[in-house]
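Trainee: here is the input, now give the coordinates:
(2 chains)
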Amino acid sequence: MKSVKDTNFDSTEDLRQAGMRLEVIRYLAFAIFALIFVRLWYLQVMNSGVYAERAEQNRTRILPIPARRGTIFDRKGRILATSQPSYNIVLSRKDVKERDFPQIAELLIKNLQDVDRNWLSRRFEVAKYEAKYEYIVVKEGATAADVAWVRSHQFEYPMIRAEEAPQRLYPFGTLAAHALGYVGEVSPEELKRKDGQFNYEKGYELGDIIGKTGVERFYNEILMGKDGERRVLVDSRGRIQRNLETIPPVPGRDLYTTLDLDIQKIAEGQTDSMPSGRGAIVVADPNNGEILAMVSHPVFDPNLFSQRAKTPEGKDEIRDLQTDEDKPLFNRVTQGEFPPGSTWKLLTSVAALNEGVITPTNNRIQDGGIQIGNYFMKSISNYGAPDIVTAISKSADGYYYRLGLKMGVERFEKWVHLFKFGEQTGIDLPGERRGIAPTSATKRNSWSRAIKKAQQALDEAPQNEKAAKEFHLRQTQRQAEWTDYDMASSAFGQGQNASTPIQLLRYTGGLAVGGQMFTPHLLLKSVAGTDRFGNPQPEIFYEDKNKFSVPMSKEIHDIVLKGMWGAVEGGTAGAAKVEGFDVCAKTGTAQVASTDRVGSKNKDHAWLISFAPRDKPELAMVVLTENVGFGGTHSAPRAKPIYEDYYRRTRNLPMEPLAEASPDVAKAGAAKKERKTQ
Amino acid sequence: MFGINRRYLTDFDWPLLGMALLIAAFGVLEISSAQPQNPGIWRRQLIGLAIGLVVLFLVTMFDYRRIVNVAPYLYGVGVVLLGLVFTPLGKTVNGNRNWLDLGGVGFQPSELAKMFTILFLAYYLSGVKKRPLDLRTVITAGLIWVLPTGLVFAQNDTGSALSFVSFLAAMLFLAGARWTWMAAAGVAVVLVIALSVPYIKTCKSYKCERIKAVYWPELADKGKSYQNVQAEIAIGSGGIFGKGIGQSTQGALGFVPEVQNDFIFAVAGEETGFLGCLLVLTLYLLIIVRQTQIARVSRERVGLLLVGGLAALLLYHITVNVGMVVRVLPIMGIPLPLMSAGGTSVIATLFGLGLTIGVRLRRFVN
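Mentor: Sure thing, here's the model as predicted:
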């Protein structure tokens, strides 16, 4: 092997050449480093914000801490709606790749209880297009075993987590369901609605649980809190390393309703036995409008919406409720519009007395059927020429035909408006209907389209048909006019006339206390706390801004009391009598005009409006039993146990087993004698 | 020849060693940042550094020419070690069969083979007096080179195999290869790359995917560009001043895989930002510049070729490693000298710097 001792450069030229080549390498190094610096400048100086944000998203996850929704109590502090701890099993969206979905689905189906494969795959399908969701909920209302499995496999499957998600619980199930309402996820349409109650501008977000109906919806702002969140640091597999920041949730405020669980329970029992399965009972304190019980039948279980809405069975149940022709989700108390029938005779009486159409001692108005043009209006009753008290207590139809005609439409209308029929009562429930006020304007409006059409036909008609079209227009216009027939039927609560039970309740309360009309309401108070945005809020009581009074002298009020008391003491409402409690009532039997319905649906609606005790009213009540027949037979006996129970409870009398309210019981009672009248 | 005397101490290139140690210390700090749960890694790195320093000082004590004289034997040892990788003694790490396990001590023989091949090429080329180099010399050099390179290539370690190209080209160039030949070789490389573009775009092998992830990310399999993307985020999120030492999230929380090895620069960039990167890269550049100066002052061929080859190798390592971390070059298994965790690389790099310092110490001998 040769040695390298002799390796000196042969000439200076050789050395110069090598030095130059070394310089080439040196400059190559400079060039490369310059390029790297340019790239670093681009990454770290020009675009560092973008990368910083991506790094932040990489390393942090936001875990929601659900806010507790306020509890709803009855007036005595008994829980009507509360939140129970529950867990959802969720998949952290950032920590799974779409291609792993099928594998994860298998894992979940194998290890969680009752996970529906189809439901899960739909859920994943949706999640693919909803990248903004932090989580995919893969199971709601997880069992203890589910949660245990997830927790024990946190290290292997950090992307699967058990997340707290309190569920709304209504401990009494269907009890007061229409008043309380139910909760559910806010819908995307609702969020986008410009002047909606739950839109983005008001700070609502997708996934928020809001009240959908009832008090839950009306007082959502009070009940709902603001979810908090926990920002955590995770490693590259999504395993939580430590807490970065915790924003505590703002709990919702508790709310006391005016409902009285005891009365509500009895009232529910009375609607349960309604023969048609449809009806309503609503009870209030006439001295302030506080609603003590509200039942609409058929009922539904609000727990279904908060706890089972996403299970296949729950979905079927909800669909059944929505398509049921008895409309169980519909609150008959505020949304049902029915002809008020004879309950309106009191309005006519108060109006006539005030307007001087009749005096308390005057007997000059005749009962009995009446011929109006070509119609003969039958009257089942004929008490000759009764005084007004008798006319009320015996519900003398013929008397009211004539009283109405005597009074005339202007004066009648004036009192319809004074009692504010045809307007919302302003009850604190969403979706209240207005009813239909029997006025000439109402009649005209109902014909306005037909008139418009006739007018159009006239305008477009060729010359030779003008005369005929004009005649038709005149005839249509004439049909829109208020007639004697309209007057006579409106005076006793028929005709173009519809009221909601809540309107009749306010009216009943006004009659009970002598004209003071309070707005029916369900809010007693909300406890002090903070609103959704964290601002402190004091205790809030219901403030009746819409109360008004109807002019009613002591004398007139006495007549009302006597008439209604008489209806119970030997009149049409005898079945409502409670010994010692002086119940005053008025029956009503609303004729169901339509003839195209078959079977039980063309039977009359049975009303009873009542209050008690006569001289110092504590309760006002409206009972409606749909499509069963006479009010005195069907609704009066349902009011009785409610009064009876209340009376015994508040007077500390021994409770007796209550007589089952049924039409048979009623028939055996006072109603039997008075069957011919309403 | 042992020669620790006054002159050894005053002539010793302390600044060069100082810069190298500064980089190495920074590397240890960043390794501990990248693997906070795993202090064993940076401790092992310290041990590697200590051994490397011993090697460095030993190397400076010998006359480098004596070392070059035994280069053929060292080269032989290197080739044998590379061959052993294919025996049961070899180990596969991260898809590359480039580890050797000798009695519990694992190392990458390719790192040693690079050094020994540089030494052998210096030995051979320094003896050639003809200027410019004739074809026979170039072919002979190529044959010396091709044996270890082929073995490394067969280990599926493309990055390391390409590093052999860097010092071969540099040493032939410094030994006096014709400019035209160098230019022709450069053109040939560019042509080969250009012609392979359509193939790479359609090919699905992991090597092609790594290339596509950088130049045609829209064609790349998203899953395979994860490391690139995360490293880019790490560097970029550091900003100008960085998140601070020990504040890495991209690296420390495992978003950048294998971060303490080939991607240590990503953590450095995340924690110390643009300024930190600028500083450490300037140190590297100064080392390379220093090497070219030492090569110049050695005034004889062996020293010049040896240090020139070492400088080229160092430049290649830094370029390829930082280039892949900042996503301008595809991922290749190339460590960042002195900073990446890994004893073999650190020892080999310090061995190379020892040779450099040795050449400088003996620049007046002739």
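Trainee: where along the stretch 1-150 of chain B do the strands fall?
Mentor: Taking DSSP state E, counting those that start in this stretch to define them, one finds strands in the stretch 1-150 of chain B at B:90-93, B:96-102, B:105-107.
Trainee: nearest to chain A, out of these?
Mentor: Taking CB to the nearest CB, strand B:90-93 is the member of the strands of the stretch 1-150 of chain B nearest to chain A, at 20.3 Å. Where you see a C-beta, it was placed from the backbone N, CA and C, and this is true even at glycine.
Trainee: if I look at B:Thr10, how far off is chain A?
Mentor: 25 Å (CB to the nearest CB, to the nearest Å).
Trainee: tell me the most buried of the strands of the stretch 1-150 of chain B?
Mentor: Ranked by mean neighbour count under mean count of other CB atoms under 10 Å in any protein chain shown, the strands of the stretch 1-150 of chain B are led by strand B:96-102, which reaches a mean of 18.
Trainee: so B:Trp99 bridges to which residues?
Mentor: B:Lys91 (DSSP bridges).
Trainee: any part of the helix or strand hosting B:Val192 near chain A?
Mentor: In the assignment (DSSP states H and E), B:Val192 maps to helix B:179-202. No - if you take CB under 8 Å from any CB of the partner chain as the test, helix B:179-202 misses chain A, and the best it gets is 9.3 Å.
Trainee: which strands or helices does the helix or strand following that helix pack on?
Mentor: Downstream of helix B:179-202, the first helix or strand assigned by DSSP H and E is helix B:206-215. Contacts defined by 3 or more CB pairs under 8 Å, 6 or more residues apart in numbering or on different chains; DSSP states H and E place helix B:206-215 against helix B:179-202.
Trainee: identify each buried residue in the helix it packs on, please.
Mentor: Along helix B:179-202, these residues count as buried under the neighbour rule (16 or more other CB atoms under 10 Å in any protein chain shown): B:Ala185, B:Ile200.
Trainee: got it, and stretch A:436-445?
Mentor: A:Ile436, A:Ala437, A:Pro438, A:Thr439, A:Ser440, A:Thr442, A:Lys443.
Trainee: most widely separated two among those?
Mentor: Spanning the widest gap among those are A:Ile436 and A:Ser440, at 12.8 Å by CB to CB.
Trainee: endpoint to endpoint, stretch A:360-368 covers what distance?
Mentor: Counting by CA to CA, to the nearest Å, you get 20 Å between the two ends of stretch A:360-368.
Trainee: okay, and the helix or strand of chain A with the least pLDDT?
Mentor: Ranked by mean pLDDT, DSSP states H and E, the weakest helix or strand in chain A is helix A:663-668, scoring a mean of 41.
Trainee: columns mean pLDDT on top of the strands of the stretch 1-150 of chain B, output as CSV?
Mentor: Shown next, in CSV, are the strands of the stretch 1-150 of chain B (pLDDT from 0 to 100):
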stretch, mean pLDDT
strand B:90-93, 75
strand B:96-102, 75
strand B:105-107, 76
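Trainee: in CSV: the ones you listed, plus distance to B:Gly246.
Mentor: Formatted as CSV, these follow (distance: least, CB to CB, whole Å):
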stretch, distance to B:Gly246
strand B:90-93, 28
strand B:96-102, 31
strand B:105-107, 29
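Trainee: so which of those comes closest to A:Phe533?
Mentor: For A:Phe533, the closest of the strands of the stretch 1-150 of chain B is strand B:90-93, at 56.8 Å, according to CB to CB.
Trainee: can I get the closest one in CSV? Just the C-alpha atoms.
Mentor: Backbone C-alpha positions of strand B:90-93 (Å, rounded to 0.1, in the frame of the first residue of the first chain) are rendered in CSV as follows:
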residue,chain,number,x,y,z
GLY,B,90,-29.3,-6.3,11.7
LYS,B,91,-32.4,-4.5,12.9
THR,B,92,-35.2,-2.8,11.1
VAL,B,93,-36.1,0.6,12.5
